[in-house]
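Novice: Here is a sequence together with a model predicted from it:
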Amino acid sequence: MHAYLETPRHLPGHHMAENAETSTSPGEHEKMDSLDEPPPPPPQEPALPYWQVNVPEAEREATCPAFLRELSAKDRGIIGTPDAAYRRATWGEVRAMAAENRLDAFRRVPSDLRRYLAYGAALRREHGSVLAFVLAHRLRWPAADVARPPRRPLFPPVSPAAADDPDVRVLRNDWPYGVDPRIVHLVVWTKFALPEDPATGDLTDDARAEVDAYVQRTFTSRVPPDRVIWFKNWRSLKSVHAIEHFHVMLYDPDPRFVDEITHGDVPLCERALE
């Protein structure tokens, strides 16, 4: 006997099912192709004018306020930067900027710069000038004392507690730069000028040595030397030209020492929030 293998017969509809799996209509091809394409990006919100950035929507002005109209390109760029995109400078970066004399690299947090400019405009309207306000309300010095200041050495005090030289005042910086919050920014104001090299506009070597001695005696007696820097702004960077001053930054100092050396001074940026 011969055994016959019966070839399986296709059941009705079986061949059609195979075709259904391997063929699609033109409309279905288009539908499948569209699934392979990335979704369209969300619509972009129109860029805000620089004076509206960091301002709540309900408070935005259609036209630029007067105190923000005549800004340098640098300040317009800062004002137009969202606070969330700003990165504060570290202590290492601050030390490098001071050591390399890159003082123009210091920046304020964008919203702080806006407040600083608005406050300065208000002071000029109310007091005539920022200088008049600083003399009368921050330093409490008669204008005559700094009109033609006599030259004298910057004698370092015997100790920080005895830093009561009537011609020198240490205050908190009213509008500090956008740096690590642990950095305390102070300003040392003097009634007398510190000699500058007319060719460079920088301090003379003798004046720099005087400031070094003052900073070492006044600040590094209570703060480690690697946590203290000082610098004097170029004339073009000064906000108050008529009164001599230089800057001191301390990294994470004892708050009691800061209160002691400044006699409990509170910067304007903190008073403005009260």
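Specialist: Nice, thanks for sending it over. Residues are numbered from 1 along each chain as shown.
Novice: CA only for contacts and neighbour counts going forward, please
Specialist: Noted.
Novice: quick one: low-confidence ranges for the stretch 101-250 of the chain?
Specialist: Low-confidence segments of the stretch 101-250 of the chain (pLDDT under 70): 148-150, 155-163, 234-241.
Novice: Please enumerate the strands of it.
Specialist: Assigned by DSSP state E, counting those that start in this stretch, the strands in the stretch 101-250 of the chain fall at 168-172, 183-190, 228-231, 244-251.
Novice: So for Val109, which of these sits nearest?
Specialist: For those, the distance to Val109 is smallest for strand 183-190, at 14.3 Å, taking C-alpha to C-alpha.
Novice: tell me the angle that closest one makes with strand 244-251.
Specialist: Following axes from the mean of the first three to the mean of the last three C-alpha atoms, to 10 degrees, one obtains 160 degrees for the angle between strand 183-190 and strand 244-251.
Novice: Show me what strand 183-190 pairs with in its sheet, parallel or antiparallel.
Specialist: strand 168-172 (antiparallel), strand 244-251 (antiparallel) (DSSP bridges).
Novice: now those as a markdown table including distance to Arg151 and mean neighbour count?
Specialist: Listed next are the strands paired with strand 183-190 as a markdown table, based on distance: least, C-alpha to C-alpha, whole Å; neighbours: other C-alpha atoms under 10 Å:
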| stretch | distance to Arg151 | mean neighbour count |
| --- | --- | --- |
| strand 168-172 | 13 | 21 |
| strand 244-251 | 11 | 20 |
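Novice: Please name the residues that touch the closest residue in space to Val170 that isn't next to it in sequence.
Specialist: Closest residue in space to Val170, ignoring its immediate chain neighbours: Val188 at 4.5 Å, by C-alpha to C-alpha, 6 or more residues apart in numbering. By C-alpha atoms under 8 Å, 6 or more residues apart in numbering, the contact set of Val188 is 168-171, 245-248.
Novice: Try it again at 10 Å.
Specialist: Applying C-alpha atoms under 10 Å, 6 or more residues apart in numbering to Val188 gives the contacts 168-173, 215, 230, 232, 244-248, 262.
Novice: In TSV, list the strands of the stretch 101-250 of the chain along with distance to Asp197.
Specialist: Below are the strands of the stretch 101-250 of the chain laid out as TSV (distance: least, C-alpha to C-alpha, whole Å):
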stretch	distance to Asp197
strand 168-172	22
strand 183-190	18
strand 228-231	15
strand 244-251	15
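Novice: do you know which of those strands lies nearest Arg87?
Specialist: Arg87 lies closest to strand 183-190 among those, at 14.6 Å (C-alpha to C-alpha).
Novice: What segments of the stretch 1-150 of the chain are helices?
Specialist: In the stretch 1-150 of the chain, the helices defined using DSSP state H, counting those that start in this stretch lie at 14-22, 26-36, 73-79, 91-99, 110-127, 130-133, 143-147.
Novice: List the contacts of the third one.
Specialist: Contacts of helix 73-79 with the rest of the structure, by C-alpha under 10 Å, 6+ apart, involve 49-54, 68-72, 81, 86, 104, 107-114.
Novice: Which among those count as buried?
Specialist: 50-54, 68, 81, 107-114 (16 or more other C-alpha atoms under 10 Å).
Novice: Max pairwise distance over these: which two?
Specialist: So for the buried ones among the contacts of helix 73-79, where distance means C-alpha to C-alpha, the most widely separated pair is Gln52 and Arg107, at 19.2 Å.
Novice: contacting residues around Val109?
Specialist: With C-alpha under 10 Å, 6+ apart as the criterion, the residues that contact Val109 are 78-79, 81-88, 115, 176-179.
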